[in-house]
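In: Give me a model of this one.
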Amino acid sequence: MSSARSDGRVQPACPGDPKRVGPYRIIGRLGSGGMGTVHAGLDPAGLRVAVKLVHAAHSADAEFRARFRREVQLSTRVHGPCLMPLLAADPEADTPWLATAYAPGPTLDQHIAAHGPLTGGTLYAFAAGTAQALAAIHDAGVVHRDVKPQNVILTPAGPRVLDFGIARAADGTSVTRTGVMTGTPGWISPEHYRTGAVGPEGDVFAWGILVAHAATGRLPFGTGAPDVVAYRVMSAEPDLAGLPGELRGIVASTLVKTPEGRPAAHVIAEECAGILAAQATRVLPPAADPTLACDPIGAEWDVPAADDPSWRPPARPGRRAVGITLATGAVVAGLTGGVFALRSADAAPPPASARPHGTAGSTTAATPSAAPPGARSGSLEPASADSAEATIATWRTARRARGEAELETGAALSHDVSLGVGPDHDYDGRYEVGFAPPRKEVYIAIRGTAPAPYIVQEVARDACTSLRMMADIHADLPYDEYVLVDATTPAAPAIVWEGNFRTNTGCATRAADRDTTGGPRAREWQPTETGWEAARIPSSDKAEIRVATDAVHRLFGDWNGNSRLVHDPRYISDENTSIGFAPHEGVMYVWASKPEWNRDTQQEWAEAAADVACEALLAESRAPEEWAYARYAVGVVGDDGRPRFLRWATVGACRA
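Out: Here you go, the predicted structure:
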């Protein structure tokens, strides 16, 4: 959805603009265009986002909604350097919207108009960064189809490619009006003009025009009437006068008339990164990978940051939200295997090793030999009681409840958590509550039996709910953070969860509410055809591919046994059975295209598939790596091509 932008500064809101979109508070506008308006927003933690809200006239257009839904699905595939990640979206809302990280700075065309073409190291950094972004897009099996100056923002950290408004899957799957040419005149490849063909090669052609324009301020095929420009694109040689020699050769190779004669985006990225490295005035660290363009960009990039007082600084900038999926992540929780904790430029980013505590087995987080008393789990350094993140040291400073508000809060916590996760739920853990007023933290220590990941998630949800209720009763309660400590091994306690119960308004956790058969929460969420459609898009994520491959092969073995009777109606194979992932729902879908099965066979298969899916998710939730999926859904596709969902649950339902 292309939108005209200002230079990244927040413009005043217009009459009728919303106050909130999803979980975001709207503070102004960033731009507007034919498809919709880009609003400046803040999430509950004060982080800056750009919220694209489509125009009301398009909301009632079923075809437009289909294209917008596709935009969201495709955007979840793409991640990499010099790109703008999708944070959240709701294509089914009355007015569809999506939110991305905020990128301060002007677009390329705005910068050229104000300051002229790019030169020197900045030009090489621009070429390398945009090529690397294009390579990441193509590696995800996506074609951008609208590479142009308005879709590249020059941030203080480097260029950022955005806008997949007319992107499509490279396998040919798209939702566009038949006979309508997509793209912008002057930025369309010769083969697109001739036959309407689109592909990665067309993006490469547009990249060559983009870099030539960035270096000279001119378009290599000139300007004028669209048909005149089209003729030049198909027949004339580009005007590349003014491009530096090394870069000129690369750009020329991308502007050849035949698509098969152009280099791939990853080849361009490597060549440009090599040129950029040669321009650098500093020596790169030995471990640096010169093919990743956004690593050395900072050495040569020279686009100053523009301060914008319209943005409000993040609340409590020194604290990190750890272990909680806020309302943002509840909508799109799987972009790169979890919630994007993106920070504004003036907020300290979390360390590269940081990960939500609640998704890994907690009892092995620290051992007596690895972490002395008072050290944070996983660290060899003693933690200060004044540190921003909760640690075992800060937990030890917490005291018992004092005063009416704390006494009632402690009693409510102990009662509510024990009621939610206690003997009636096959768990005999005990809970001790402590308070740390200077840090505004409430600690809940879990003692007794070591908690499984789903127990930690259940305790986190119940504690959040109880604390939010008590905060409403006692308006002067000074706490906003709650911390879970696995104290089941006294010699090696570990922090397993930390979150803000005030900003997490839905008390969402990375794992969805546990689905206990027959219980009141058993059907709180439903699989959707939209999610299934997203799951049908081939994944490029290595972890997803590994899990799906292992699970589907196990399912074949469990269901088929030693049978090789491929013509048996019960037989399943790669031709009729699939596993895929819906990142925006955090759901793993398993389905069989077997419309000939009767109801009993469908139910029998669904039970077998559910067992495999549940165990696969549980195994990943215990792994040290980040894993975004806590739900599964099993279905059978009928004659009408639509799935009938037979089983669905969360990782909390697994007991293995």
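
In: C-alpha only now, for contacts and for neighbours.
Out: OK.

In: neighbours of Gln110, just the number please.
Out: 18 (other Cα atoms under 10 Å).

In: count of neighbours near Phe64?
Out: Neighbours of Phe64 (other Cα under 10 Å): 17.

In: sorry, that was for Ala101
Out: Applying other Cα under 10 Å, we find 22 residues neighbouring Ala101.

In: Next, give phi and psi for it.
Out: Main-chain dihedrals, Ala101, degrees, to the nearest 10: phi -60, psi 150.

In: For it, give me the pLDDT.
Out: The per-residue pLDDT reported for Ala101 equals 82.

In: and the gap between the residue nearest to it when sequence neighbours are not counted and Val10?
Out: Distance criterion Cα to Cα, 6 or more residues apart in numbering; nearest residue to Ala101, sequence neighbours excluded, is Val49 at 4.8 Å. From Val49 over to Val10 the distance is 11 Å, taken as Cα to Cα, to the nearest Å.

In: list residues touching both of those two?
Out: By Cα atoms under 8 Å, 6 or more residues apart in numbering, Val49 and Val10 have these common neighbours: Ala40.

In: between those two, who's got more neighbours?
Out: Val49 (25 against 21).

In: Is the more buried one in a helix, a strand, or coil?
Out: Classification of Val49 using DSSP: H, G, I helix; E, B strand; the rest coil returns strand.

In: so who does it touch?
Out: Val49 neighbours (Cα under 8 Å, 6+ apart): Ala40, Gly41, Leu42, Asp43, Ala99, Thr100, Ala101, Tyr102.

In: related to what we said a few turns ago, can you tell me how far the residue nearest to Ala101 is from Ala127?
Out: With Cα to Cα as the criterion, Val49 and Ala127 are 26 Å apart.

In: mind listing what's buried in the helix or strand hosting Asp550?
Out: Element membership for Asp550 (DSSP states H and E) is helix 542-560. Within helix 542-560, the residues scored as buried using 16 or more other Cα atoms under 10 Å are Glu544, Ile545, Val547, Ala548, Ala551, Val552, Arg554, Leu555, Phe556, Trp559, Asn560.

In: now it: mean pLDDT?
Out: Per-residue scores along helix 542-560 average to 87.

In: thinking again about what came up before, mind listing which of the contacts of Val49 are in strands?
Out: Counting by DSSP state E, those place Ala40, Gly41, Leu42, Ala99, Thr100, Ala101 in strands.

In: So the third one sits against Gly22, correct?
Out: No. Here Leu42 does not reach Gly22: they are 10.8 Å apart, not a contact under Cα atoms under 8 Å.

In: Give me the more crowded residue out of those two.
Out: Higher neighbour count among Leu42 and Gly22: Leu42, with 23 against 18, using other Cα under 10 Å.

In: tell me the contacts of the more buried one?
Out: So Leu42 contacts Tyr24, Arg25, Ile26, Ile27, Arg48, Val49 (Cα under 8 Å, 6+ apart).

In: Make a PyMOL selection of the buried ones in those.
Out: In PyMOL, this line selects whichever of the contacts of Leu42 come out buried by 16+ other Cα under 10 Å:
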select buried, resi 24+25+26+27+48+49
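
In: Quick check: of the contacts of Leu42, which lies closest to Ala450?
Out: Closest approach to Ala450 among the contacts of Leu42 (Cα to Cα): Tyr24, at 37.4 Å.

In: Return the backbone torsion pair for that closest one.
Out: According to degrees, to the nearest 10, Tyr24 has phi -100, psi 140.

In: Gly499 now?
Out: phi -160, psi 170.

In: got it, and Thr216?
Out: According to degrees, to the nearest 10, the main-chain angles of Thr216 amount to phi -120, psi -20.

In: can you pull the contacts of it?
Out: Applying Cα under 8 Å, 6+ apart, the residues near Thr216 are Pro117, Leu118, Ala241, Gly242, Leu243.

In: what does Ser573 give?
Out: Phe556.

In: Any idea how far the helix or strand where Ser414 lies is from the middle of the chain?
Out: Taking DSSP H and E as the criterion, Ser414 maps to helix 403-420. For helix 403-420, the separation from the chain centroid amounts to 35 Å (computed by Cα atoms, centre = their mean, to the nearest Å).

In: Over to stretch 545-557?
Out: Using Cα atoms, centre = their mean, the offset of stretch 545-557 from its chain centre is 25 Å.

In: contact partners of that stretch?
Out: Stretch 545-557 is touched from outside by Ser539, Ile572, Ser573, Thr577, Ser578, Ile579, Gly580, Ala608, Ala609, Val612, Ala613, Ala616, with contacts defined as Cα under 8 Å, 6+ apart.

In: quick revisit: can you point out the buried residues in the helix holding Ser414?
Out: Quick answer for helix 403-420 (16+ other Cα under 10 Å): Ala405, Glu406, Glu408, Thr409, Gly410, Ala412, Leu413, Ser414, Asp416, Val417, Ser418, Gly420.

In: biggest separation within those, which pair?
Out: Every pair of those checked by Cα to Cα; the farthest is Ala405 and Gly420, at 22.1 Å.

In: sorry, back to before: using CSV, write out every CA atom in the helix holding Ser414.
Out: Only the C-alpha atoms of helix 403-420 are listed here, as CSV (Å, rounded to 0.1, in the frame of the first residue of the first chain):
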residue,chain,number,x,y,z
GLY,A,403,0.2,-2.8,54.5
GLU,A,404,-3.4,-3.5,53.4
ALA,A,405,-2.8,-3.3,49.6
GLU,A,406,0.2,-5.7,49.6
LEU,A,407,-1.4,-8.1,52.0
GLU,A,408,-4.5,-8.4,49.9
THR,A,409,-2.6,-8.6,46.7
GLY,A,410,-0.3,-11.4,48.1
ALA,A,411,-3.3,-13.3,49.3
ALA,A,412,-5.2,-12.9,46.0
LEU,A,413,-2.1,-14.1,44.0
SER,A,414,-1.6,-17.2,46.2
HIS,A,415,-5.3,-18.1,46.0
ASP,A,416,-5.8,-17.4,42.2
VAL,A,417,-2.6,-19.1,41.0
SER,A,418,-3.0,-22.1,43.3
LEU,A,419,-6.6,-22.4,42.1
GLY,A,420,-5.6,-22.2,38.4
